[in-house]
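S.K.: I would like to see how this sequence folds:
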Amino acid sequence: MQIRSFEVQNYKGFRDHQVVELAPLTLLYGHNSSGKSALLRLLPWIAESMSDTRPGPMLDGHVGKGAMWSDIAHVNSPRQAVEVSISWTSGAKAGWAFRGGVLPGSCELKSIHIERPDAIWSFEDDGDSQWRGLITGVAGLLPIPDDPLWVFQRELLKSLKLNVQWLQGIRAGVPRVEKAQATAPAALSPAGEGVARFLYQWEKQPRSAAEMAALDFVRKFFRELGFELIPTDVAPGFFRLDIAPLGSAASINLVDTGEGLTQVLAPLVALARAAFGIGPQVVCLEQPELHLHTDAQRILAGAICHAASAGAQIVIETHSEVLLASTQLAIAGAERKIAAEDVALYWVERRPDMTSVARRVPLNGQGRVGGSWPVDAFDDLLQLKGELLQAQRSNK
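M.R.: Reported below is the predicted structural model:
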């Protein structure tokens, strides 16, 4: 079940009500500190808060990183509630309001609103954690299902659970030598630790056709770059990841190739797990192209479009012009790797009054962007080259 959209108000830079419609592939662009990361991390934050047994929201987890109320609410509206809602393609919708807590800097759940096509439920905490007697309490962000009112709604609550794979912008390096385990990890951490173990298990002991397809998905990226990715046993219980030029027996440790090919491993594995149903379907990626040359970014864009077309729901924040142009080509090219309606493109902007807004930019069947895309979005390089040319002429 995919997410149709999410809404925020008074959340970080987004003081005013903001609706973000999601597609199988959603791309967030904008200048630094415009609010792209805040939007991208919203779904992982809500998912993390849902998974906690304490009444939400969760601020001391991977996403919250020890945030305080002042880090969540808009700087000019600290007394206003932070409002968040998520709509699914099934017709279900869940919304929450958060407020500053009793302790300085703390944040607590103020209200819950749940909808489905045949019913609506709203609950509010008046400050005494009693929820006005309608429910006995909450776990994470949802009513405790042991309450008699909610026993018959267990399936509804399960359908509202979010399972999101978030990968932060700076990811962990791949160890030179990794310890093998009996099975692949249960989850991929936000920093991508242990990513090599997925590839090793998929190569040595695949448990399903889906795992073999996931391994081939990752390897295809390297093959298009001219390399073979090889998990290699080095001692009993230990392995390393090697790469070798196609058709060559000579290989080197992946660690010795530089950061680009190691940083991209976690995004590729996350995409493969989502595309083939062995990991979270929703994947939120921060700068997946980090350290990659333009040719590798183009190949990565193809892998992203492939995963989105295969059933993954991907949200990406990036500054890469190559990723955008490659996605446009995937829409307009002869192979038609992804449909225009399956891509949502946003420009996120910080205004002079310290409020952020995300504007959806139309994409047509030829991959052309609409008029709401800033004309100067990627003109810095052209301007720099113009200044260089002028300087070279004047120094003759």
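S.K.: Neighbours of R99, how many?
M.R.: 18 (other Cβ atoms under 10 Å). Backbone N, C-alpha and C define where each C-beta goes, glycine included.
S.K.: residues contacting it?
M.R.: A81, V82, C107, E108, K110 (Cβ atoms under 8 Å, 6 or more residues apart in numbering).
S.K.: Go ahead and report the secondary structure state at the closest residue to G66 other than its chain neighbours.
M.R.: Distance criterion Cβ to Cβ, 6 or more residues apart in numbering; nearest residue to G66, sequence neighbours excluded, is D60 at 5.6 Å. Three-state assignment for D60 (DSSP: H, G, I helix; E, B strand; the rest coil): coil.
S.K.: how close does D60 get to R368?
M.R.: 45 Å (Cβ to Cβ, to the nearest Å).
S.K.: Likewise for E228?
M.R.: 38 Å.
S.K.: now do N76
M.R.: When N76 is compared with R368 (using Cβ to Cβ), they lie 37 Å apart.
S.K.: What of D242?
M.R.: From D242 to R368 the distance is 42 Å (Cβ to Cβ).
S.K.: who has more neighbours, those two?
M.R.: Between D242 and R368, counted using other Cβ under 10 Å, D242 has the larger neighbour count: 20 against 13.
S.K.: Pretty sure that one sits in a strand.
M.R.: Yes: under three-state DSSP, D242 sits within a strand.
S.K.: how about the nearest residue to it, chain neighbours excluded?
M.R.: Nearest one to D242, counting by Cβ to Cβ, 6+ apart, is S251 at 4.0 Å.
S.K.: Verify the stated contact: the one you found with T232.
M.R.: Yes: with contact defined as Cβ atoms under 8 Å, S251 counts as touching T232 (7.4 Å).
S.K.: what touches both of the two?
M.R.: Joint contacts of S251 and T232 (Cβ under 8 Å, 6+ apart) are D242.
S.K.: Other residues contacting stretch 322-337?
M.R.: 25, 27, 29, 289, 294, 297-298, 300-302, 304-306, 309, 316, 338-340, 343, 345, 363, 365-369.
S.K.: show me the contacts for the residue most central in space within the chain.
M.R.: Nearest to the mean C-alpha position of the chain, counting by Cα atoms, centre = their mean, stands C284 at 0.6 Å. Counting by Cβ under 8 Å, 6+ apart, C284 makes contact with L40, R41, L43, P44, V164, Q165, W166, L167, I314, V315, I316.
S.K.: downstream neighbour of the helix or strand hosting it in the secondary structure list?
M.R.: Per DSSP states H and E, C284 falls inside strand 282-286. Remark: after strand 282-286, the chain's next helix or strand is helix 294-309, criterion DSSP H and E.
S.K.: continuing past that next one, what's the next helix or strand?
M.R.: strand 313-317.
S.K.: Sheet-wise, list the partners of that following strand with their directions.
M.R.: strand 25-30 (parallel), strand 282-286 (parallel) (DSSP bridges).
S.K.: contacting residues around that strand?
M.R.: With Cβ under 8 Å, 6+ apart, strand 313-317 has contacts from 2-3, 22, 24-29, 36-37, 39-40, 43, 271, 274, 281-288, 304, 307-308, 323.
S.K.: switch the cut-off to 7 Å
M.R.: 2-3, 22, 24-28, 36-37, 40, 281-288, 304, 307-308 (Cβ atoms under 7 Å, 6 or more residues apart in numbering).
S.K.: likewise stretch 371-391?
M.R.: By Cβ under 7 Å, 6+ apart, stretch 371-391 touches Y29, E321, W347, R359, V361.
S.K.: give me that answer again for 10 Å
M.R.: 29-31, 319-321, 324-325, 345-347, 349, 359-363, 369 (Cβ atoms under 10 Å, 6 or more residues apart in numbering).
S.K.: now that stretch: mean pLDDT?
M.R.: For stretch 371-391, mean pLDDT is 77.
S.K.: repeat for stretch 131-150
M.R.: Mean predicted confidence for stretch 131-150 is 77.
S.K.: Give me the buried positions along that stretch.
M.R.: W131, I135, V138, A139, G140, L141, L142, P143, I144, P145, W150 (16 or more other Cβ atoms under 10 Å).
S.K.: and what of stretch 213-230?
M.R.: By 16+ other Cβ under 10 Å, the buried positions in stretch 213-230 come out as 213-215, 217-222, 225, 227, 229-230.
S.K.: now do stretch 263-281
M.R.: 263-276, 278-281.
S.K.: Quick one: end-to-end length of it, please.
M.R.: Separation of the first and last residues of stretch 263-281 by Cα to Cα, to the nearest Å is 21 Å.
S.K.: now swap in stretch 165-184 and tell me
M.R.: Note: stretch 165-184 ends 16 Å apart using Cα to Cα.
S.K.: before we move on, back to that, could you measure the residue nearest to the centre of the chain against G302, distance?
M.R.: From C284 to G302 the distance is 20 Å (Cβ to Cβ).
S.K.: Show me the helices in the protein, by range?
M.R.: 36-40, 42-51, 69-72, 148-151, 154-159, 195-204, 209-224, 259-263, 265-275, 294-309, 321-332, 380-394 (DSSP state H).
S.K.: Please tabulate the ones you listed in TSV, including the columns distance to A97.
M.R.: Converted to TSV, the helices of the chain look like this (distance: least, Cβ to Cβ, whole Å):
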stretch	distance to A97
helix 36-40	18
helix 42-51	13
helix 69-72	12
helix 148-151	20
helix 154-159	19
helix 195-204	37
helix 209-224	39
helix 259-263	37
helix 265-275	30
helix 294-309	32
helix 321-332	35
helix 380-394	40
